[in-house]
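# Below is the structure, and that's it, no one-letter string:
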Ligand SMILES: Cc1cn([C@H]2C[C@H](O)[C@@H](COP(=O)(O)OP(=O)(O)OP(=O)(O)O)O2)c(=O)[nH]c1=O
């Protein structure tokens, strides 16, 4: 069987893929994550997922390579990872009391073969007090996460409702990944 490579440095993606008991290796891709400003969120996450997967796939065309990207979208605004405490606070204030969409793009490549898709999950936040936001920032959990929160951690306290795939919010739409790999001929 050909092997599977997760093109990611995210510890969450590693844990998620382990959850469905796939054996894989990890090679982190280091791509420039700037994209054209007019792109819609689903286009952004698919473009970046493809970029991450391609970087590894060109060196390992015999392997299945999985790249992924997650962003948070509120109206026209696309939120990536906050670069400072101020930015994290701004993001959390924006998300407070509202419903946003989390988009995760997935690209699976094997040589010339490709599967590219995205998943959208709607997440509603409770109204947050400024004390709640400050306490959350102090925990440092917001910093390596799109939209400045992690639903799988302390961030669970902020979330009122989730519509769609929870795992996609954490970083990988697991069941779709599994099915895509099967359709591509992996896991026969
Ligand atoms: C909204 C949300 C995001 N996230 C994470 C998932 C992603 O790891 C991160 C978004 O950044 P990404 O750029 O998608 O991923 P990454 O830089 O962590 O890893 P790599 O590019 O190497 O694959 O935010 C959570 O862990 N929980 C959440 O609730």
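Thanks, I have it. A quick note: this is a predicted structure, and the numbers were derived from the prediction, not measured.

# Which element, helix or strand, includes the residue nearest the centre of the chain?
For the chain, the residue nearest the mean C-alpha position is residue 70 (2.8 Å; C-alpha atoms, centre = their mean). Using DSSP states H and E, residue 70 sits within strand 64-74.

# Quick one: mean pLDDT for stretch 46-59?
Per-residue pLDDT values over stretch 46-59 give a mean of 97.

# what's next to that stretch, contact-wise?
Defining contact as C-beta atoms under 8 Å, 6 or more residues apart in numbering, one finds that stretch 46-59 is touched by 5, 7-8, 27, 29-31, 33, 35, 39, 63, 65-69, 105-111, 114, 116-118. Heads up, the C-betas are built off the backbone N, CA and C, glycines and all.

# buried subset of the residues you listed?
5, 7-8, 29, 35, 63, 65-69, 105-110, 116-118 (16 or more other C-beta atoms under 10 Å).

# Against the ligand, which of these make the cut? List them.
The subset of the buried ones among the contacts of stretch 46-59 within reach of the ligand, by C-beta under 6 Å from any ligand atom, is 8, 68, 69.

# and which of those is nearest to the ligand?
Among these, residue 8 lies closest to the ligand (C-beta to the nearest ligand atom), at 3.1 Å.
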